[in-house]
Each structure stands twice: as C-alpha cells, then as structure tokens.
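>>> Return a 3D structure for these sequence lines:
(3 chains)
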Amino acid sequence: MRERYLYHVALLCIQRAVPQRVNRFMLTLLGTLTLGLTGCAGDLSILDPAGQAARDVVLIWWIMLTFATVVLIGVVALWLYTFKRKYQERTPQEERKIARRWIIGGGILLPVLSVTALLIFGVPTGKRMLPLPLSQPPEVIEVIGHQWWWEVRYPGAEGGEVITANQLIMPAGEPVDFHVTSADVIHSFWIPRLGGKIDMLPGRTNVIRLEADAPGVFGGQCAEFCGTQHANMEFYVEAVEREAYDAWLAERQEERLAERALANDDFAQARDEFASTCANCHSVAGLSASTIGPDLSDIGARYTLGAGTLPMEEGAIHYWLENHQTLKPSNKMPSHNYMDTATLESLGAWLETLTP
Amino acid sequence: MTTIDRDASGPEDLQKLHNDLAEVWANPAGLKALTIVNHTTLGLRFMVTGMAFFLIGGILAMLIRTQIATPDQGFLTPEIYSQVTTMHGTVMMFLFAIPILEGLAIYMIPKMIGARDLVCPRLTALGYWCYLFGGIILSFSMVLEMAPDSGWFMYTPLSSSEYSPGLGSDFWLLGITFVEISALSAGVELVVSILRTRTQGMALNKMPLFAWYILAMALMIVVGFPPLILGSILLELERAVGMPFFDIAGGGDPVLWQHLFWLFGHPEVYIIFLPAAGIVSTLIPVFAGRPIVGYGWVVFAITVMGFISFGLWVHHMFTVGIPQLAQAFFSAASMLVAIPTGIQIFAWLATLWLGKPKMKLPMLWIVGFLVIFVCGGLTGVMLALVPFNWQVHDTHFVVAHMHYVLVGGMLFPLMAGLYYWLPLFSGRMPSETIGKWGFWLVFIGFNATFLIMHWTGLLGMPRRVYTYDTGLGWDIFNLLSSIGGFVMSAGFAMVLIDIALHFRYGKPAKTNPWNADTLEWANKLPPTPYNFVSLPTIETRHPLWEHPELPQEMEEGKHGLASADHGRREMWGTDPLTGKVREIIHVPSNSWWPLFAAMALAIVCISLLLRWYPLAGLGAAVAVVFLLRWSWENGVHPKAAPNANVTPGDPPLHSRTMDGPGVWAMTTAMIANGSFFLSYLFGWFYLWTISPEWRMPETSPLSLIALVIAGGALMGGAALMEKSVRGLRKQQERGLAFNFYGAALLGGIQFALILWVMVRANLAVTETSHDAILMVGLYYALLHSALGAVLSLLQGLRVGYRYVGLHAPFEPVVVAYFWRYNVVVFWILVVALAVLPRVIGG
Amino acid sequence: MKAIVQRLNLTHPGHFVGGLTLWSIWFVAIYGGLSVACAVVPPEPDQGAFNHINITLLLLSLVTAVLLAGLAWGCFQEAKQHKGRQHFNAFVSAWLYVFSALGVVFVAGPMVGLPPCL
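So this is what the prediction gives:
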C-alpha cells in the first residue's frame, strides 16, 4: 500500500507540480540570469512560453538538455581518457568482463533507461495536448493557408461568421480549437509561444488546441516551406479577455463593416477604383465578395501588411501598393505600375480608414 | 576443409604469372579507358566525382550562409535562394554522400574479402555512368537558373505542375531517378559480392566488420530506394501527363508523396551512416592495436539498425495530423535506435579502453566524429519525442540536428577513412601537420555554425526562409553561424591542399603502413587491377596480424588461382556461410555496353525533360537493345569467358554450375523489384482507404476473366522454364530450345491479354487517381511479361549458339527465377486490383 | 518442442533477420491496422484508451512478443550446444530475437494510454 501511495505521489509530482511550479521557477531563473544575457525572448521564441502546451515542451527541453549534456561530456571524456591512461596487460577473461560491462551498461542499459523515462514523461504530455471532447465545447477558429497569407474565419461569432485575414484574435485563458486547412500547397500553422505546429493540408482539416495564459500579442509563422515567399508568411495573434473578444467579433459583423466602408464620402473615387480593379480579388464588406486575395474589410486595424512584410503605419498601404513586388517579390498581387500615384495614394488612404 | 592452392614454382613462372595477370586484367588507355569495368578504377572515379559534387554542394552552402548572415539581405533573390537550398540538400544527399560511400565500398570490398573484382563489373560501370550523367543533368539545371526549388524533399502540391510550372521539378525527378539506377546497381552487386566472392575459408563470422556494414547498407539500398523511384515516377507522370496521384481534386493525396519519400528518406540516413560507422569500426582496432571488442554485438547493432530504420519514416511527418497513437509507435521506434547506436559507441570505447590507442591523424577525425555524432544522436532522441518535435520541426533546430548527424556521422568518418587509406590510393603517407590544421578548422567551424543554429531554431527561426526581420533575437546567432561556416570551408580547402600536395611530397608508404589487420593492405601500394596475384585461405578475422608474411606469399603466387594463361578474369566463388570454395567465378572484361546503355538512358532522360516523347521512346528502345546485347555477351560467350568451353573444372567454372552469382544477383534484384511492387501496393491501398476524395467505380473496369487467362499463360511459361531447369539438373538437354520458345510464346500471350485488358478498360487516367494508379499497375505487369518473354526467347537462341546447354546450364536458372517472381507478383496484382474491389466495393 | 527447434535450424544466420522481420511485419500490421480501423470503425473519442482497437492491437502485440521470446529462448538453447561459427550465429540471433521481443513491448507501450484515432 505504502509503495503504491508513494508511486502516486511521484506521478502527481511529475504531472502536476513540475510543469507549473518548478518549471516557472526554472524558467525565471534561467531565463533572467543566464540566458537573459543573450535573450530567450522574442516574438517567435519557443523558450518564452505563454501557454501550457508550450510550457510543457520547454520544461522537457531543459531536462533533456541537461541530461544530454551530461551524457555527451561523459562519453567524450571516457573516450579521451583512453588515450591518456596507461596500458595494462589483462587476461582474456578480464577483458571479456570489462567489455561486457561497457557494452551492456553503456550500450544497452543507458539508452534503454533514458528513452523509457523520456517516453513515460513524454506520452502524457502529448496526450494533454489532444483535442479531447470537453464538457464545454471550446471556441473554434478556422485558419486557411494561402500562398502567402492567412485567411481566418470565426464561425462561432454571434450574429454570423466573421472573416478576416493575416490577423488572429483569440480569447485568453480558455482552450481554443484551431481548424486548419489549405487552399493551395501545404503550409504549417505555428504560434511558437503557445504550442506546437500543425500542417495545413489541402483537402483535409487538422485540429490543434492551444491556450494563452493571459492577454498578450504573439508571433505566428508558416513553418512548412510553401514557395518563394514562405519567409514572408507571418501573422500576429492577440489574446484578449473573453468580453473583449466578443466585442471584437461584434464590431466585425458584415453590416457594421459595410457601414464603415461606405460612410466617408471623401473617398467615393477610391471606392470606385477599388470596385473596378481590386474587387476582382479582394473583398470589402458592402462592396465586393471575392475570396481570391485577403479580405480587407478591417485592414486599417491590422498590425502588418503583406502577412508580416511591413508594419502598419500611416501611409504604409500606399507604400505597399506601389512597391509590393519589391517588398515581397513574386507575391500573387499584380504590380500596380499602370496606376498613377494619386490613385494609389487615395486607395491607400481610404483603406486605412477601414477600422471598425 | 580442403585447401585448393596452386604453387607457382620458379622465378620465370612467377614473372610469366605476373605478365599474364597484367594482360588479362589490363585497363586500356586513351579513349578505350571509357570501357574500363575494374572496381579499383571505378571506385576511384566514383569518389573523385563525389568530391567534385561535394565542392558544388559546399559552394551552395556558402551562398545560403551569406544570404542569411544578416537580416533583410538582398544578396540572392528569393527564387534563386529556393533553388540554392533545394540543390544544396539534393547535391549533398544524392550526388555526394551516397555515391562517394558506394565508391569507397566498390573500391574496398573486393580488396578486403580477398577477391579480384566485384561480381558484376559491367554493372559497376553502368552505375558510374548513370551517376555521372544524372549528376551533370541535375547540376546543369543550375546553369540554366531552372533548378528545382520546392525543397529537397519535393513535397507536392508545391512541386506539382500547378505551383512549379517550370522544369525544375522535372530536373529533380528525372535526374534523381537516373542517379538511383547507379545506387541500385551498386547495391545489388555489393550484396552478391560480399556473400559469394569472399576468399576461401572466410566464413560469415570471420568477415571484416566493414563488410558487414556494407552488406547491410547494400541491402538497405536494395529495399529502400525503390519507394522513391516509384514516387518519382508517379509525380513525373502527374506533372507530364496529368495523372492525379497526389492531387486532392482528382482523388489523390499529397501525403502519399510524403510517405513514399520518407519510406526512402529515413533509411537513407542510415545508408549513409552505416558505411561511415564501418570505417570507424575498421580504424579503431588498428589504432588501438587490438581486435574490436564485441564483434558479435556490433553485428547485432548493424542488423538492428538496418531493420529499425525502416520503421521510423513517419517521424518526419509528426505535424501532418496522423493520430497521436500512430505517432507514438514511430516515436518509440525512433528511440529504439539509441540502443544499437549506444552498443557501437561503447564497443568502440571498450576497444580503446583495452588497447593502446594512438592519436594519429585518422584517429583525430574519429574523435571529432564521436563528439559531433553523439551530440546529433542525443538531439535525435529529443526530436523523437512527439510534443517536442511539434515545436522544433521545420526550424533551424532540425537543420542543426540533421547536419550533426550527417556531417558527424558521415563526413568525419569519411575523412578519417580517406586519410587512413591514402597510402592505398597514392602509395604515399599523409602529412600530420597540415592535416591537423585542416581538422581543427573544420571541427571548430562546424560547431560554431551548427551548435549555435540549435539555439536560433529554439528562438523560432523556421528553415528555408530567405530573409527575416531584425528584432527576433536571431541576428547575432545567424552571423556567428555564417562565420563558422566560412571557417569550416577554409578547413576543407586546407584538407584538399594537403591531399593534393601529398601526391607529390608525401613520404612513400611501406607495406601495411598502419600495421592493420585486414586484407586490403596485402595489396601493392597502389594496387594492381587484379588486386592479388594469388588468393589466400583466410580463417581468421585478422589475417595480417596473425600472418604478417601473407602479402609477400600472395605476391609470390603461393596461394589459390595463381594462373591467368586461360585469359579469363577469375576469382573464388565461395559458400556464403562457411566460405568453402564452390566454384571459380569468371567475370567479364572491359566493355562499351555500359557506357552506351547509360548514354541512351541519358537521351531518354533529357528528351523526357524536354517532352520530346518520340525521341524518348527511341532512346529507350536503343537502351534496351544495348542492354540485351550486353546480356548476350555473358556466361560462356567468348567475349565474357575465353576458353570456357574447353576448361575442365574442379572446382568448376561458375557458368557450369546452377547456383552461380547470377542467381544471387537476380534474387537481390527481385528484392528491389519486390520493394518497388510493395510500394505500389501501399500506394494503391493508401489512396483507396485514406485519400479524402477517392472515387472508385461501382464495377471494376478490369476484365477478370482475361486477367485469369493471362495468369494461366504466365504459369504455363513459368512451368516450361522450371521443366528445363529440372531437365538440366538431371543432365537432360532434349527439347531445351523448344521449352524456351514455348515460354516466350506464353509470355507473349500474357502480354497481349494484359494489353487487351488495358485497352478495354478505357481508363480515364487524367480524371481520377483510381484509374491512374490502376494504369500504372497494368503497365508494371505488361513490362514484366514482355521482359520474361524476351529473356526466354534469348535463351532459346543461345541454345542454338551453344551458349546454353548441359555444358553451360547456368542462365536458364536465372531466367526461371524471374518467371517465378512474375507469377507471384502477377497474382497478387490481380487480387489487389481486380478481385478485392469486386469483393469489398468502392 | 525439440523437433520444432531442430526444424527451425536456429544456427543458420538467416535468423539474424528473422526476429526483426517479424517485428517489421508486426509494426506494419499495427500501423496499417490502426489507420484502417480508424477509417472504418472509429471508437467514440471519450472512450479513451480502452476500446476495441487498442485491445485488439495489444493482443496482437502480446502474441508477437511471446512468439519472439520463444524463438529467443530456442536460440539460446542452440547456442549452448555449439561452438565456433554455429554458436556465434545462434547467439547473435538469440539477442536479436530478444531485442525484437522487447521492441514489440516498447513500441506497444503507448497503446495503454493513448486513444487511437485522435
């Protein structure tokens, strides 16, 4: 009975206490002291977790790193030592005994015990990340990869599905299921600070469950090579409180966006220009509904342009419209060099006003 | 054991013996040097060509490191960068690592096992030419700025015609398939050579460990390469013809490509590692001055690696969305590899521990190997853990890991081996000083590049990005990695200078300069084309330690097969288990056919690239004619074996027996073919069960009755072949030609019936993946029936020419084996393609 | 039992590949079986690891492991009776069978804890 009790306590320690307390402690210690010098942080850093799944992995990483370093140093030191030590005559029996000790001890027991421990530790960690059925169904967000941008859909929004692009808002402090797929080649959906990646395959939908501990902004990146502009296929995730999330979705209901797009009469000409050219590929609520390129209905509120190519600031859209083929060569939007600067400028200025 | 030795007595006889051997085994000069089939020459050609591709791959690596040394660089355009990364991986894997190790094995194996050549010398030559031409075609794409750019594993749909409309993917698919012919031919003949041509007395458990490693590598090539060949053919068919194997809309599945690629790709890592580990296992005992500790354990480890490596491929696909339980199988299997690796590392350690190790230049590279490879192995175990893999997959962490394993596990041992065997190549010793400088630059440069790169990966840098923003914390690490890369390049430059200088300034080597134990050091330095004047009886694992006088005795012709006045290239054919002599194998001499066949295949390859299909068809027909002519000059044909008809035999010439090396080569080739066939079946069932948009017609379009009749004809033909073989075994020759012609006719009937089924099925191959993959299966059956018929027809003709008969019963056995294979495969195909869909339904 | 052991000719180096071939077939069977079963008869996700698929796969693994262990035992018996080449062959085969048996147990381990089709 006593052994069983101890076993359970040990198991509980591994599964519960370690990931939360020890790991936080280790991270603070290591993160701030040693690695803080060179920098563990970063928008895409695996070592700077902001969710349980990512934190579990970082803990495993530090343990594995420590263990691997010990093994590496041990094995190399033993090898080098053999060149230094004095040769001893031995009988064949002695030799056989020593040989067996090395091969069975180092060659069999060491790897067997290590990988068994790793698997016992690793499989439950992986299991925790599974999208198992929950008593309260989690929020679902659909992400569709395109060459080279992200289409994001919120089918659960009250009042109807919300569609946007290259930006992701999620509720913090609760699990979110991302249903991912692709419209063309294989991409991979990855928010390093929240957890692992999952491939976006044409014709299939994969599900990954992620959770952000607290509100914050995290980087995301396509992780599977998807063509020349694979590098410039980024996005930002903003985790917000539940109420803010609902409010954000409500602001993006089609009629509200349409109202906004059609409101300002100063830009009537820009709107006409948009309707005659841009609308072939892009949609702006109230004006067009094409899904070839990213939806632009709330583009003014996004952090970046060109899926992470340019930061959004005043005049950025105009700059992008003029130079997008040099900023992000071979992207699928045709060059606008047949349009004059004034038109592009007014288009840019109008698009910047599209903030809910 | 009876020892079959022949003494050459007297110095005149000895001089004549040397002259005879030199004449029979001569390597012609001038233009005729292109006809050389000798393993020593071809092994060196393989290695020199491999080195050239290594330099190309290295330059590509430096371009990559220059581009990503700093953020927002404009050194290369994104298009060129994609081509450069794709070609760096492709060149290093397919044109450097595998061929150079094959070259080493081709060069070394006969010398180590006491043979005079590999068992199919013309195949060696064909392999070399295919490698050279394929490599040139593939590299030429870079000159055209049309190189493949979808990453070296060519994932569909990115590599398909829709998203890669240029010729890049075609260059890759056709060029690589061409190069793989070379790997497969080397694989087949290495297996047979190791099993059947060891010198007399060398039982399986007395074989040098290097031969064990190469045996495992060769078998892995035989089983591991066909899945990629199939995948490449399917993808090229999709691109060129529009058959939708990997296209969702047509009922295909892009993940099938990933399975086929990694079914090859993971074993390939071990195909590269095993020979390198073989070098380590050869060198450590020599420099420790004692036999390896745990020979049996090492054989155990080799066997385990050879198998387990085929059960790991999905660990490259952990993020594809496969059920987690299935991922856990592959995760656990991947971790199992730590055991055979650990056993080898500790067997080497124990050898050093119990011996008197000396830190000579080759040992320095071995120690470098240990540090880097153990590190790579440890990160490998980490990557096998699924949750960790989900994070670092496709980041620079994986890039770093992979280079640790491949550079540590392959390049460092290769450099050690290169320095160790230099006296054999050049007759001179390497210098210790410049060599050490080279080593330290490479070692430090390598670690600076890739140790740091782990960290860059953990900070989230994905692989294959041509640019990155500043402010992600990657800048300094990338810069350091790039500097390290250039230090490493400087180190390799130094090594190359060292080796170049040594050919002129190196000290001449004395016999067995490192005091090694294995037979290759019984060669002259540098070796003669026939390796050994006489072939010794070897009953120990350490012949040169136990009999230091052996090289001298062999040179004086005091051992077996010390004659060449018959004009044949002869060596022992021995029992695979015990090493008892069974027959004398005579191998064919120099020939134009390998070069001509490879040239015809190159024309096929180029015309497929340019979509000139009539020319491709013509080229293929010409290649077949050349290959058949090649097969005609075989066995007792005077060009292959002078005087074979008149020579009495004890032991007999192999062409007078019924279990010669050809039977073994055919069996090995059919293992490769079987692996191709199983990959096809996997593709068929995979698409059937997994593909999301799979469409299967209500009724099977294939006529079952016609297929069953075709199978009947096939079995009739096979029965006739078996009957002839049985007759020959009982010393009966009557009706031999008639049987062969009969078999050919039945094969022809089978061919016609399959063709009829194919035409009548009216398959819409560009519409659905179902019809497309069915068509591939029918073509497979069609080609095999044609080949069976033609081979039997040729046997019939050869009876007329007296190349086949009671005095030469060898070839019908080989052809009968092919028919047996055909029977088994055809019925499986009929059941899978025509019966099961009827039983289970769509 | 003796007759079986003799018929198997356990001192033949063919047994070097015997255990791992069985391991490979078993591996293909569980991976392929799992994929097909998940496509054809997937269990409810909330059943966890105790469902018809996992139990069938576990039984298959058990049978394979026992078979491999038996062969390992046979090889050890043979190894004791021979010297030289045949001892070497049987001994190496024996350890390869042991490895294969443990390989089955190790790889089958996660079946106890993970649901099959997620």
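>>> Domain-wise, how is the chain divided?
Going with chain A. Chain A resolves into domains spanning A:2-128, A:139-251, A:254-352 when parsed by automatic domain parsing.
>>> nope, chain B
According to automatic domain parsing, the ranges for chain B are B:35-353, B:359-509, B:695-842.
>>> before we move on, back to that, out of the domains of chain A, which is closest to B:Gln258?
domain A:139-251 (8.8 Å; C-beta to C-beta). Using the backbone N, CA and C atoms, a C-beta is placed for each residue, glycine as well.
>>> touching chain B at all, that closest one?
Yes. Counting by C-beta under 8 Å from any C-beta of the partner chain, chain B is contacted by domain A:139-251 at A:147, A:184-186, A:188, A:190, A:192, A:195-199, A:201-204, A:206, A:219, A:221-232.
>>> For that domain, measure first residue to last.
Distances were taken as C-alpha to C-alpha, to the nearest Å; on that basis the terminal residues of domain A:139-251 are 18 Å apart.
>>> likewise stretch B:29-42?
End-to-end distance of stretch B:29-42 (C-alpha to C-alpha): 14 Å.
>>> tell me which residues of that stretch are tucked away?
Neighbour-count burial for stretch B:29-42, counted by 16 or more other C-beta atoms under 10 Å in any protein chain shown, picks out B:Thr35, B:Ile36, B:Val37, B:Asn38, B:His39, B:Thr40, B:Thr41, B:Leu42.
>>> got it, and stretch B:65-72?
Neighbour-count burial for stretch B:65-72 flags B:Arg65, B:Gln67, B:Ile68, B:Ala69, B:Thr70 (criterion: 16+ other C-beta under 10 Å).
>>> Nearest to chain A, out of the residues you listed: which one, please.
Nearest to chain A among the buried residues of stretch B:65-72: B:Ile68, at 9.6 Å, using C-beta to the nearest C-beta.
>>> so who does B:Arg734 touch?
B:Gly727 (C-beta atoms under 8 Å, 6 or more residues apart in numbering or on different chains).
>>> any idea how far B:Ser724 is from it?
From B:Arg734 over to B:Ser724 the distance is 10 Å, taken as C-beta to C-beta, to the nearest Å.
>>> Over to B:Ala490?
For B:Ala490, the distance to B:Ser724 equals 65 Å [C-beta to C-beta].
>>> More neighbours: which of those two?
More crowded of B:Ala490 and B:Ser724, by other C-beta atoms under 10 Å in any protein chain shown: B:Ser724, with 30 against 15.
>>> The more buried one against B:Glu733, yeah?
No. Counting by C-beta atoms under 8 Å, B:Ser724 stays clear of B:Glu733, with 9.3 Å between them.
>>> and the longest helix along chain B, anywhere near chain A?
Determined from DSSP state H, the single longest helix within chain B is helix B:254-288. Yes. Applying C-beta under 8 Å from any C-beta, one finds helix B:254-288 touching chain A at B:Pro254, B:Val255.
>>> could you say what helices and strands that helix packs with?
helix B:98-112, helix B:209-240, helix B:295-308, helix B:338-354, helix B:361-384, helix B:396-406, helix B:412-426, helix B:661-689 (3 or more C-beta pairs under 8 Å, 6 or more residues apart in numbering or on different chains; DSSP states H and E).
>>> What ranges does chain C have for its helices?
Using DSSP H, helices in chain C cover C:2-8, C:15-40, C:52-81, C:84-108.
>>> Using JSON lines, lay out these together with mean neighbour count.
Compiled in JSON lines, the helices of chain C are given as follows (neighbours: other C-beta atoms under 10 Å in any protein chain shown):
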{"stretch": "helix C:2-8", "mean neighbour count": "11"}
{"stretch": "helix C:15-40", "mean neighbour count": "19"}
{"stretch": "helix C:52-81", "mean neighbour count": "18"}
{"stretch": "helix C:84-108", "mean neighbour count": "22"}
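>>> Out of these, the one nearest B:Pro285 is which?
helix C:84-108 (17.9 Å).
>>> List of residues touching the helix or strand harbouring B:Ala621?
Assessed by DSSP states H and E, B:Ala621 sits inside helix B:613-632. By C-beta under 8 Å, 6+ apart, the residues outside helix B:613-632 that reach it are B:122, B:591, B:593-594, B:596-597, B:600-601, B:603-604, B:607-608, B:790, B:794, B:798.
>>> Could you check that helix and say which residues are buried?
For helix B:613-632, the neighbour count (16+ other C-beta under 10 Å) marks B:Ala616, B:Gly619, B:Ala620, B:Val622, B:Ala623, B:Phe626, B:Leu627, B:Trp630, B:Ser631, B:Trp632 as buried.
>>> rewinding a little: tell me which of the domains of chain A sits most buried.
Among those, domain A:139-251 has the highest mean neighbour count (mean count of other C-beta atoms under 10 Å in any protein chain shown), at a mean of 22.
>>> List the ones among the buried residues of stretch B:29-42 that fall in helices.
Among those, DSSP H puts B:His39, B:Thr40, B:Thr41, B:Leu42 in helices.
>>> Now do the residue of the stretch 101-250 of chain A found nearest chain B, the pLDDT please.
Chain B sits closest to A:Gly196 of the stretch 101-250 of chain A, with a gap of 2.5 Å, by C-beta to the nearest C-beta. With respect to pLDDT, A:Gly196 scores 94.
>>> same deal with A:Lys127?
Looking at A:Lys127, the pLDDT reads 86.
>>> And it, which helix or strand is it part of?
helix A:110-128.
>>> Run through the neighbouring helices and strands of that helix.
Packed next to helix A:110-128, using 3+ C-beta pairs under 8 Å, 6+ apart, are helix A:52-84, helix B:324-336, helix B:338-354, helix B:361-384, helix B:386-392.
>>> tell me what the next helix or strand after it is packed against?
Sequence order places strand A:139-146 as the next helix or strand after helix A:110-128, per DSSP H and E. Using 3+ C-beta pairs under 8 Å, 6+ apart as the contact definition, the elements that strand A:139-146 packs against are strand A:149-154, strand A:167-171, strand A:176-182, strand A:187-189, strand A:198-200.
>>> Could you tell me how far the residue lying closest to B:Trp592 once chain neighbours are set aside is located from B:Thr41?
Nearest non-adjacent residue to B:Trp592, counting by C-beta to C-beta, 6 or more residues apart in numbering or on different chains: B:Thr35, 5.3 Å away. Here B:Thr35 is placed at a distance of 11 Å from B:Thr41 (C-beta to C-beta).
>>> all helices for the stretch 1-150 of chain B, in order.
Per DSSP state H, counting those that start in this stretch, the stretch 1-150 of chain B carries helices over the ranges B:11-24, B:39-67, B:78-90, B:98-112, B:121-143.
>>> Now render these as JSON lines, adding mean pLDDT.
What follows is these, written out as JSON lines (pLDDT from 0 to 100):
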{"stretch": "helix B:11-24", "mean pLDDT": "89"}
{"stretch": "helix B:39-67", "mean pLDDT": "97"}
{"stretch": "helix B:78-90", "mean pLDDT": "96"}
{"stretch": "helix B:98-112", "mean pLDDT": "97"}
{"stretch": "helix B:121-143", "mean pLDDT": "96"}
